[in-house]
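J.: Got a predicted model here, sequence first, then my questions.
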Amino acid sequence: MLVAAAVCPAPPLLVPEVAAGAAAELGDARTACSDALAVLAASRPDLLVVVGAADREHHGPYPPGSRGSFRGFGVAADVQLGEGEEGPRLLPAPLAVGAWLLRHARWGAAPAEGFGVAQELDTPQCLQAGRELAARAARVALLVMGEGSACRTLKAPGYLDERAAGFDAGAARALGAADTAALAALDPALAAELQAAGRAPWQVLAGAAEGAGLDGRLLYEDAPYGVGYFVAAWS
């Protein structure tokens, strides 16, 4: 059963070594992520699952001990998700960022593993994946990695799209209120057009939280670099 969740953005720029001279720009986001992780630790979970977007090839579970790397971003930095033998696959970037957040927070509250969500998954598939994750242990916590639209400004990765602000506002309300129905109602086609990488992971969270009766708090909301970033805690 899901007992807590933290929602964090997943840009590699959250890792100071990757951000380099721009590291201070996301300082508030890192602080909010640390606060959300503290909520997870306080829930005393038996299992923590880090959920993040992946391509279809990297969809599925990542066991404890799976490793990730930021070498593709020009930094000789590696991370490990939980304790265990190195897995056969490298963590997708969102899960690697989640692993870095856990290391930064000195996570030791429960075993940690990962789940990559293919961005092509439709809503019913995401909801079912979440239900299955919530059933993994008596007390499950999720660290859900993903961003909103990437189309908030002219300089955004997806250029300016007038629909982006409304999409992000709705996502922020849903995440802040732990509104599983609103998350399940997010349009996958629109999310794809707006390059909102958080859609599928958020809908996995919606499935996991069905019937859990969790309350939510939005800890951070901004759009640096024209991308919607949100941090929320559910408990």
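T.: Done, it's in. Quick caveat: nothing in here was measured; it's all calculated off a predicted structure.
J.: could you say what helices and strands the helix or strand of the chain with the lowest mean pLDDT packs with?
T.: When the helices and strands of the chain are compared on mean pLDDT, DSSP states H and E, helix 16-19 comes out lowest with a mean of 86. Using 3 or more C-beta pairs under 8 Å, 6 or more residues apart in numbering; DSSP states H and E, no helix or strand is in contact with helix 16-19. C-betas here are computed from N, CA, C, even on glycine.
J.: Do a quick rundown of the helices in this structure.
T.: Along the chain, the segments classed as helices by DSSP state H run 16-19, 27-42, 93-104, 123-134, 164-177, 180-184, 188-193, 199-208.
J.: Tabulate those helices (CSV), appending mean neighbour count.
T.: Listed next are the helices of the chain as CSV, based on neighbours: other C-beta atoms under 10 Å:
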stretch, mean neighbour count
helix 16-19, 17
helix 27-42, 19
helix 93-104, 24
helix 123-134, 20
helix 164-177, 20
helix 180-184, 19
helix 188-193, 16
helix 199-208, 29
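J.: Reformat these as CSV; add distance to residue 227.
T.: Converted to CSV, the helices of the chain look like this (distance: least, C-beta to C-beta, whole Å):
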stretch, distance to residue 227
helix 16-19, 14
helix 27-42, 11
helix 93-104, 13
helix 123-134, 21
helix 164-177, 9
helix 180-184, 19
helix 188-193, 13
helix 199-208, 14
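J.: Looking at those, spot the one closest to residue 229.
T.: Ranking the helices of the chain by proximity to residue 229 (C-beta to C-beta) places helix 27-42 first, at 5.9 Å.
J.: Now do the closest one against helix 93-104, angle only.
T.: If you take axes from the mean of the first three to the mean of the last three C-alpha atoms, to 10 degrees, helix 27-42 sits at 70 degrees to helix 93-104.
J.: Other residues contacting helix 27-42?
T.: 4-9, 14, 48, 101-102, 104-105, 107, 109, 141, 143, 219-220, 222, 224, 229, 231-235 (C-beta atoms under 8 Å, 6 or more residues apart in numbering).
J.: Okay, now the unreliable bits of this protein?
T.: Low-confidence segments of the chain (pLDDT under 70): 23.
J.: Could I have the ChimeraX command that selects the buried members from the contacts of helix 27-42?
T.: Buried members of the contacts of helix 27-42, defined by 16 or more other C-beta atoms under 10 Å, are picked up in ChimeraX with:
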select :4,5,6,7,8,9,14,48,101,102,104,105,107,109,141,143,219,220,222,224,229,231,232,233,234,235
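J.: show me what contacts the closest residue in space to residue 216 that isn't next to it in sequence?
T.: Spatial nearest neighbour of residue 216, chain neighbours left out: residue 178 (3.2 Å); criterion: C-beta to C-beta, 6 or more residues apart in numbering. Shown in contact with residue 178 (C-beta under 8 Å, 6+ apart): 209, 214-216, 232, 234.
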